[in-house]
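S.K.: only geometry, no sequence info:
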């Protein structure tokens, strides 16, 4: 029987699949492989056939194989090793297995925000992720983080075991005061609250300053995770069309009058996904409208350190104009130092900072002081600016060449970015379909529908110029756009 | 002028305080000291008089001085160095100062949950904190954490900069599977979601499984932070009287019929604040009532590793009986390894784990993989049990002697604990009053009112046997209980 052999890419691994059984192909694959692992026909550590090889051998779509492998990972049978494929788990498979998890089942079927984020973060062995929101890990500061960890490990052990203060490690907040001062934002350390990244900051701010049923404005397009986060709080999330120099002010004014939003969340600098920045004129008008309609502006400045300076692209921060009266400013280090540290922060008025510190205490007590000490060390040693300059130079080297190549294969880009990692490209066709095709070839795209609170199909998609340097990406895109 | 001299404990630091000015004494102190720092009369790095010395020199209560110093810390003028007093901040005082923060102003006035938690975590130079919920930092595993950090810093830098997976570092979840298996709780890694401590776990569970207006049951007394956390979600928090062997079942049954709770949060093992554990009979009845009234039992087992085993104190975990069907199990390492790591976890059914992993992603994306790698390393090296055994032995050495001394000075203890760090002592008087007196002497007590959702005055308080080994604690208590 072929089944008892160890798997080779060309050899059918599971029994003949039936298209008439009433059981889905993925269900059959999952059941068969699980049984073979339970029976030790497939032994722990064995490498599974690649997705393509499995698909060919069993004449199923790679899509079905991805879904099946994912479910086997979720159930503890397989593990995925980044860039190296799927393996039978080293440990004995767990004894308890409940009914198949419906959320996992639909994992690849429904292409929604949760789907994209799950796939971005599940450490699947994608060959390429041109839709990713992060820089390649070798661009970040792994060595600097390692040095900082070693230095911290040599400090008095007592400093490593205490809770820390809910508002955040004070020396880090003092460093952030200086960082903000360089942006002409005056913020005392007691106006700063550290968070586990900007994601937690957005969640905390929305929880503190909205009630279920309240309206939150976001840009359209915008960073999609927050749509789900705000919706989970019972907020109504409404998109403001984002143009090259900021939001459509007429739409903002009309919608504000209509919906009386509590918050407006905006990337002023290097907007995700377009890499454009806010003009000073629009910044001023946003603050006027915020005053008129009494909403808080939440300025998410996560891409701050990728901005090459006003000589290259004009840059106006809302917090610089407003000095943290109506603006709550968010920053972080996941894009430039290390996502893993989960260090972000909120800068706001004294009164709001105290409310947020108390909320943070109720929600999570303190953030990890170890991560905050690492960031403090990197910032205080003065090497951070050099590090981010290097990232900016690398992006600059890639940008025009990559954009030209995009245009050559038929992608349209209205506003050619002059900074940042993203390009908001128009593929001239439904990018949901394109993303599904890409996934079958182990490529993760970020379709435009996800970036809009409306979730409507879109011909746009976000591409990350630092993550499309492999020929396979271009081969796929070129071919897909020809059809 | 005395003002221009550098402060010495016996010398008045600020101008004559007026009791007739309409400005509170604390306001006057804050204003005067701030002005002297602004004018560089008090220079950065200068040590401030001790609270007692300042109080004597200005004939104000130490309580007023604590409040004033706190506000100066909050405004960036002073810093407190643990155990060493208050100092003028090294850095130039920030340029921006908004109006005094009302939340900080009332910081010492209203003795509520936020007050206690803020004071426990603000790193004030309290001499003693007999009310603390943590072990002395030198009891924890600072050296082990430092070693683990060094080892992690030597790993490939790429591993330090990625986001990690939202559900949590897989090797840690595999270690937790084994840890739970040792408690006869079968949980596959995909049933486990890591969190930033049990506090975040409670918040996530409450957010996922309740709506505003829903009822959550807690024990009375219980860990008080969650009352505020649940109230912030719009939940009604109702206390179930906790007896020595578990909740009052009759009350639980009646209140469940009346209120239809969604969750019941309970410490089964080494209940905070009484250090008692649940009997098997009560555990069974709780699960029966949970089934009858269709609520989820949230078993907070944060003190798990301080339990000396069933030979010393019977121990029944709800999750062991129920096998994670109706029970959501929470654990963490803040009490034994290091609070700072912020590593906790939730173990539950596959379906709920997936929901919680998605919620975690929306709320905070991922937790810090560095902290999770540290815990993984400590657990996988097999030294953890030895470390917690050592903590248990140290507590055992102190316990009977400390309890006898408590009884000698007039504290009553119904159920003399046989394990854990807490004693739930009856002082025979309102412990809110006692705690205010203690605070004026730089001692932090945890009055019983805080541990009840009713927040009613109580003659009880929580004492931590590991944190009362200084004569000053006993001197205060003995004197206070004589009056």
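M.R.: The structure has been received and is ready for your questions. No experiment lies behind these values; they were computed from the predicted model shown. Numbering: from 1, shown residues only, chains lettered A, B, ... in the order given.

S.K.: what about the helices in the stretch 201-350 of chain A?
M.R.: Listed in chain order, the helices of the stretch 201-350 of chain A (DSSP state H, counting those that start in this stretch) span A:225-232, A:249-259, A:280-293, A:318-322, A:350-364.

S.K.: just put those in JSON lines and tack on distance to residue B:155, mean pLDDT and mean neighbour count.
M.R.: In short, each C-beta sits where N, CA and C put it, glycine included. Compiled in JSON lines, the helices of the stretch 201-350 of chain A are given as follows (distance: least, Cβ to Cβ, whole Å; pLDDT from 0 to 100; neighbours: other Cβ atoms under 10 Å in any protein chain shown):
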{"stretch": "helix A:225-232", "distance to residue B:155": "28", "mean pLDDT": "88", "mean neighbour count": "22"}
{"stretch": "helix A:249-259", "distance to residue B:155": "47", "mean pLDDT": "96", "mean neighbour count": "16"}
{"stretch": "helix A:280-293", "distance to residue B:155": "43", "mean pLDDT": "96", "mean neighbour count": "17"}
{"stretch": "helix A:318-322", "distance to residue B:155": "37", "mean pLDDT": "96", "mean neighbour count": "23"}
{"stretch": "helix A:350-364", "distance to residue B:155": "26", "mean pLDDT": "90", "mean neighbour count": "23"}
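
S.K.: got these as CSV, with distance to chain B columns?
M.R.: Formatted as CSV, the helices of the stretch 201-350 of chain A follow (distance: least, Cβ to the nearest Cβ, whole Å):
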stretch, distance to chain B
helix A:225-232, 4
helix A:249-259, 21
helix A:280-293, 18
helix A:318-322, 12
helix A:350-364, 4
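
S.K.: need those helices in TSV with distance to residue B:329, can you?
M.R.: Listed next are the helices of the stretch 201-350 of chain A as TSV, based on distance: least, Cβ to Cβ, whole Å:
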stretch	distance to residue B:329
helix A:225-232	23
helix A:249-259	42
helix A:280-293	45
helix A:318-322	43
helix A:350-364	19
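
S.K.: what about residue A:309, neighbour count?
M.R.: Close neighbours of residue A:309, defined as other Cβ atoms under 10 Å in any protein chain shown, add up to 10.

S.K.: out of the helices of the stretch 201-350 of chain A, which is closest to residue B:325?
M.R.: helix A:225-232 (24.9 Å; Cβ to Cβ).

S.K.: which strands and helices lie in contact with that closest one?
M.R.: Other helices and strands packing on helix A:225-232, by 3 or more Cβ pairs under 8 Å, 6 or more residues apart in numbering or on different chains; DSSP states H and E, are helix A:113-121, helix A:197-209, strand A:215-220, strand A:236-243, helix B:350-364.

S.K.: among the ones you listed, single out whichever gets nearest to residue B:231.
M.R.: Proximity to residue B:231 (Cβ to Cβ) singles out helix A:197-209 among the helices and strands packed on helix A:225-232, at 12.7 Å.

S.K.: so which elements touch that closest one?
M.R.: Short answer (3+ Cβ pairs under 8 Å, 6+ apart): helix A:197-209 packs on strand A:192-195, helix A:225-232, strand A:263-266, strand A:296-300, strand A:327-332, strand A:344-347, helix A:350-364, helix B:350-364.

S.K.: make a markdown table from those and add distance to residue B:310 to it.
M.R.: As requested, the helices and strands packed on helix A:197-209 are exported to a markdown table (distance: least, Cβ to Cβ, whole Å):
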| stretch | distance to residue B:310 |
| --- | --- |
| strand A:192-195 | 41 |
| helix A:225-232 | 41 |
| strand A:263-266 | 52 |
| strand A:296-300 | 52 |
| strand A:327-332 | 46 |
| strand A:344-347 | 44 |
| helix A:350-364 | 33 |
| helix B:350-364 | 28 |
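
S.K.: ok, which of these comes nearest residue A:153?
M.R.: strand A:192-195 (20.9 Å).

S.K.: each with direction, which strands does the closest one pair with?
M.R.: strand A:344-347 (antiparallel) (DSSP bridges).

S.K.: before we move on, back to that, got the helices and strands packed on helix A:225-232 as JSON lines, with distance to residue A:354 columns?
M.R.: Below are the helices and strands packed on helix A:225-232 laid out as JSON lines (distance: least, Cβ to Cβ, whole Å):
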{"stretch": "helix A:113-121", "distance to residue A:354": "32"}
{"stretch": "helix A:197-209", "distance to residue A:354": "11"}
{"stretch": "strand A:215-220", "distance to residue A:354": "22"}
{"stretch": "strand A:236-243", "distance to residue A:354": "27"}
{"stretch": "helix B:350-364", "distance to residue A:354": "21"}
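
S.K.: out of the ones you listed, nearest to residue A:252?
M.R.: strand A:236-243 (5.1 Å).

S.K.: name the nearest residue to the residue in the stretch 151-300 of chain A positioned nearest to chain B, sequence neighbours excluded.
M.R.: Residue nearest to chain B within the stretch 151-300 of chain A (Cβ to the nearest Cβ): residue A:157, separated by 2.3 Å. Distance criterion Cβ to Cβ, 6 or more residues apart in numbering or on different chains; nearest residue to residue A:157, sequence neighbours excluded, is residue B:142 at 2.3 Å.

S.K.: related to what we said a few turns ago, figure out which of the helices and strands packed on helix A:225-232 is closest to residue A:259.
M.R.: strand A:215-220 (4.3 Å).

S.K.: which parts of the closest one are buried?
M.R.: Buried residues in strand A:215-220, counted by 16 or more other Cβ atoms under 10 Å in any protein chain shown: A:215-220.

S.K.: I'd like to know which elements the one helix or strand residue A:178 maps to is packed against.
M.R.: Counting by DSSP states H and E, the element that carries residue A:178 is helix A:170-182. Where contact means 3+ Cβ pairs under 8 Å, 6+ apart, helix A:170-182 is packed against strand A:192-195, strand A:327-332, strand A:344-347, helix A:369-380.

S.K.: redo that, cut-off 7 Å
M.R.: Counting contacts by 3 or more Cβ pairs under 7 Å, 6 or more residues apart in numbering or on different chains; DSSP states H and E, helix A:170-182 packs against strand A:192-195, helix A:369-380.

S.K.: count the residues that sit near residue A:213.
M.R.: 9.

S.K.: do the same with residue A:178
M.R.: 12.

S.K.: so how far is residue A:172 from it?
M.R.: Here the distance between residue A:178 and residue A:172 works out to 11 Å (Cβ to Cβ, to the nearest Å).

S.K.: from residue A:252, how far off is residue A:259?
M.R.: Counting by Cβ to Cβ, the gap from residue A:259 to residue A:252 is 11 Å.

S.K.: what's opposite the residue nearest to residue A:454 when sequence neighbours are not counted in the beta bridge?
M.R.: Nearest residue to residue A:454, sequence neighbours excluded (Cβ to Cβ, 6+ apart): residue A:239, at 6.5 Å. Beta-bridge partners recorded for residue A:239 (DSSP bridges): residue A:218.

S.K.: can you pull the contacts of residue A:239?
M.R.: Contacts for residue A:239 (Cβ atoms under 7 Å, 6 or more residues apart in numbering or on different chains) come out as A:218-220, A:452-454.

S.K.: most widely separated two among those residues?
M.R.: Greatest spacing in the contacts of residue A:239, by Cβ to Cβ: A:219 and A:454 (12.5 Å).

S.K.: any chance of the contacts of residue A:239 in JSON lines, plus pLDDT and distance to residue B:151?
M.R.: Listed next are those as JSON lines, based on pLDDT from 0 to 100; distance: Cβ to Cβ, whole Å:
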{"residue": "A:218", "pLDDT": "97", "distance to residue B:151": "42"}
{"residue": "A:219", "pLDDT": "97", "distance to residue B:151": "43"}
{"residue": "A:220", "pLDDT": "96", "distance to residue B:151": "46"}
{"residue": "A:452", "pLDDT": "92", "distance to residue B:151": "45"}
{"residue": "A:453", "pLDDT": "88", "distance to residue B:151": "44"}
{"residue": "A:454", "pLDDT": "86", "distance to residue B:151": "48"}
